[in-house]
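J.: Take a look and give me a structure for this.
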Amino acid sequence: MAGIDDTITTLEQKLKQAKAKKQQIEARKRAIETKAKRAADTRRKVLVGAVILAKVESGTWPKDKLLAMLDAALTRDDDRALFELPQLKQDSAQTNP
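T.: All right, here's what the predicted structure looks like:
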């Protein structure tokens with residue numbers, strides 16, 4: 001009986017190892033897919049921005065309309081500075097601890 005028990009134990013260990021390897025492979029696949037989706041999203045944003053900037057530079061899209069959209073959307077001061085937008089005023093709850 002000891003031989004059979006040892007065989008079962010060995011097979012159970014191999015099964016655990018195989019399951020762990022399968023989980024690693026699946027996690028790696030998910031990570032690759034997530035990275036590809038993020039890269040595609042970033043590329044889309046860059047292309048949209050490039051098209052709009054080209055239209056502003058050619059005069060087919062009004063610069064003031066672009067700046068108004070950016071002013072309404074951008075909340076980080078470093079982002080706003082890229083477009084020479086004024087910093088947003090912080091409310092008193094954030095400045096007084």
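J.: Helices along this structure, start to end?
T.: Under the criterion DSSP state H, the chain contains helices at 2-58, 63-73, 77-82, 92-95.
J.: Adding mean neighbour count and mean pLDDT, write those helices out as JSON lines.
T.: All C-beta spots, glycine's among them, are computed from the backbone N, C-alpha and C. Below are these laid out as JSON lines (neighbours: other CB atoms under 10 Å; pLDDT from 0 to 100):
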{"stretch": "helix 2-58", "mean neighbour count": "10", "mean pLDDT": "96"}
{"stretch": "helix 63-73", "mean neighbour count": "11", "mean pLDDT": "94"}
{"stretch": "helix 77-82", "mean neighbour count": "12", "mean pLDDT": "94"}
{"stretch": "helix 92-95", "mean neighbour count": "8", "mean pLDDT": "48"}
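J.: Off-centre distance for stretch 83-93?
T.: Put simply, stretch 83-93 sits 25 Å off its chain's centre (CA atoms, centre = their mean, to the nearest Å).
J.: Go through it and flag the buried ones.
T.: By neighbour count on 16 or more other CB atoms under 10 Å, the buried set for stretch 83-93 is empty.
J.: what domains does the record give for this structure?
T.: 1-60, 62-92 (automatic domain parsing).
J.: Fine, thanks again, bye for now.
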